[in-house]
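Here you go, sequence then predicted model.
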Amino acid sequence: MTQHISLTRYLIEQQREAGHIPAQLRLLLEVVARACKRISLTVNKGALGSVLGSAGSENVQGEVQKKLDIIANEVLIDANEWGGHLAAMASEEMDAIYVVPNRFPKGEYLLLFDPLDGSSNIDVNVSIGTIFSVLKMPEDDRGVDEGDFLQPGRQQVAAGYCIYGPQTVLVLTVGDGVAMFTLDREQGSFMLTEEKLRIPEDTKEFAINMSNMRHWAPPVRRYIDECLQGKDGPRGKDFNMRWVASMVADVHRILVRGGIFMYPWDKREPNKPGKLRLMYEANPMAWLVEQAGGAATNGHQRILDIQPSQLHERVSVILGSKNEVERVTSYHTAL
Ligand code: AHM
Ligand code: MG
């Protein structure tokens, strides 16, 4: 039987050998993992834990919150506020940043998360997840405020997600490749099951919500049109389509077997750059994908180079297998 090492051991070895993880960051990642374990247990209870359905409230983006959105948000805050590793947190489900209360020691990191991504899938028992991103407080900063969070994604020091699917899997990067840890429920530990993931550069699989086709901009229509023509079209090969409507699940598939994921700008809300959020979804996923040899752009620019101007900023997302992402991006610049 293969012997798997635990997340704790992996982090300690990374700290010792590669110097990638300072002690405070290691604590942070362990605490996030522990919170994800709790969320996973809550998700698994489903109707038995009375956690399904709507909470009857709306978040800052005007989206109806599910009970699990709020529960997962609270779990992450409760787990992270007292350890002394954080200065503040920001969440897709909170209007403003959450500064660590004065009764607790403060650390040098900032944690951002989408506590429960893919909320529309909660009640139908389809994979959902938690996405997180870690930044460092700017140096010589006296008091934390929202401006401290507005750093481009390339400045992340750690990023990852936990997918609650048939297995609960934590996927992580600290800038030294991507590692996957599967939750061993008997031991209660995340165990390393895959390291140095590589996304194939080419793919025959795309993920996009096709029902929005009539609203897309010409470059995205062109790309999908060409894929749909299959063997008889300019691509000369048949494509397959997948759309889970949980970014975590769609990105997880891409990290495992390649593919391209798109949530582009569309005409339904022409003044918004896209549906997905830069800080809680696009940045962490873009870094994971790049760390696995893939690419991530908004059609014009590398996602990790975008300078955010607002905490809840939205962005158009094209990510996955490198050659396909480059193709879609070139269709944008060609016009
Ligand atoms: P959420 O964070 O409120 O769950 O929204 C984000 C989700 C992504 O996980 C997914 O890719 C997308 O929204 C699905 O959108 P749609 O329902 O328009 O297909
Ligand atoms: Mg989300």
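Cool, got the structure. Ligands and ions are numbered 1, 2, ... in the order given.

What count of nearby residues applies to residue 29?
23 (other C-beta atoms under 10 Å). Any C-beta I mention is one placed from the backbone N, CA and C, and that applies to glycine too.

Offset the numbering so it begins at 40, please.
Sure, I'll start numbering at 40, so the last one becomes residue 68.

Which strands or helices does the helix or strand hosting it pack on?
Using DSSP states H and E, residue 68 sits within helix 62-84. With contacts taken as 3 or more C-beta pairs under 8 Å, 6 or more residues apart in numbering; DSSP states H and E, helix 62-84 sits against helix 46-52, helix 106-119, strand 148-156, strand 167-175, strand 197-203, strand 207-212, strand 217-223.

buried ones in it?
Under the neighbour-count criterion of 16 or more other C-beta atoms under 10 Å, helix 62-84 has 64-76, 78-82 buried.

ok, back up a step: of the helices and strands packed on helix 62-84, which is nearest ligand 1?
Nearest to ligand 1, of all the helices and strands packed on helix 62-84, is strand 148-156, at 4.6 Å by C-beta to the nearest ligand atom.

near ligand 1 at all, that closest one?
Yes: shown here: strand 148-156 in contact with ligand 1 (C-beta under 6 Å from any ligand atom) through 153, 156.

With stretch 278-287 instead?
Yes: against ligand 1, stretch 278-287 shows contacts by C-beta under 6 Å from any ligand atom at 284, 285, 286.

Among these, which one lies nearest to residue 167?
residue 285 (5.4 Å; C-beta to C-beta).

pretty sure the closest one is touching residue 163, no?
No: if you go by C-beta atoms under 8 Å, residue 285 and residue 163 don't touch, sitting 10.7 Å apart.

Comparing those two, which shows the higher neighbour count?
Taking neighbours as other C-beta under 10 Å, residue 285 and residue 163 compare with residue 285 leading, 23 against 8.

Need phi/psi at the closest residue to that one other than its chain neighbours.
Nearest residue to residue 285, sequence neighbours excluded (C-beta to C-beta, 6 or more residues apart in numbering): residue 157, at 2.6 Å. Phi and psi for residue 157, reported as degrees, to the nearest 10, are phi 90, psi 30.

Could you measure from residue 157 over to residue 320?
Using C-beta to C-beta, to the nearest Å, residue 157 is found at 10 Å from residue 320.

With residue 306 instead?
Distance from residue 306 to residue 320, by C-beta to C-beta: 21 Å.

okay, and for the stretch 240-374 of the chain, where does confidence drop off?
Within the stretch 240-374 of the chain, the stretches with pLDDT under 70 are 374.

wait, the residue nearest to residue 285 sits on residue 164?
No: in this structure, residue 157 is not within contact of residue 164 by C-beta under 8 Å, at 11.7 Å.

So these two - more neighbours on which side?
Applying other C-beta under 10 Å to residue 157 and residue 164 shows that residue 157 carries more neighbours, namely 21 against 11.

got a list of contacts for the helix or strand encompassing residue 372?
According to DSSP H and E, residue 372 maps onto helix 361-373. Applying C-beta atoms under 8 Å, 6 or more residues apart in numbering, the contact partners of helix 361-373 are 238, 240-242, 245, 256, 258-259, 261-262, 299, 301, 332-336, 338-339, 357-358.

ok, 6 Å please
Residues outside helix 361-373 that contact it (C-beta atoms under 6 Å, 6 or more residues apart in numbering): 240-242, 258, 261-262, 299, 333-334, 336, 338-339, 357.

before we move on, what about stretch 174-189?
Outside stretch 174-189, the residues that touch it by C-beta under 6 Å, 6+ apart are 126, 127, 129, 136, 138, 147, 149, 190, 196, 347, 350.

Show me how to select, in ChimeraX, the buried members of the residues you listed.
Filtering these down to the buried ones (16+ other C-beta under 10 Å) takes a single ChimeraX command:
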select :126,127,129,136,147,149,190,196,347,350
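
if you look at the contacts of stretch 174-189, which of them are in strands?
Among the contacts of stretch 174-189, the residues falling in strands (DSSP state E) are 126, 127, 129, 138, 149.

Kindly reformat those as CSV containing pLDDT.
Shown next, in CSV, are the ones in strands among the contacts of stretch 174-189 (pLDDT from 0 to 100):
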residue, pLDDT
126, 96
127, 97
129, 98
138, 97
149, 98
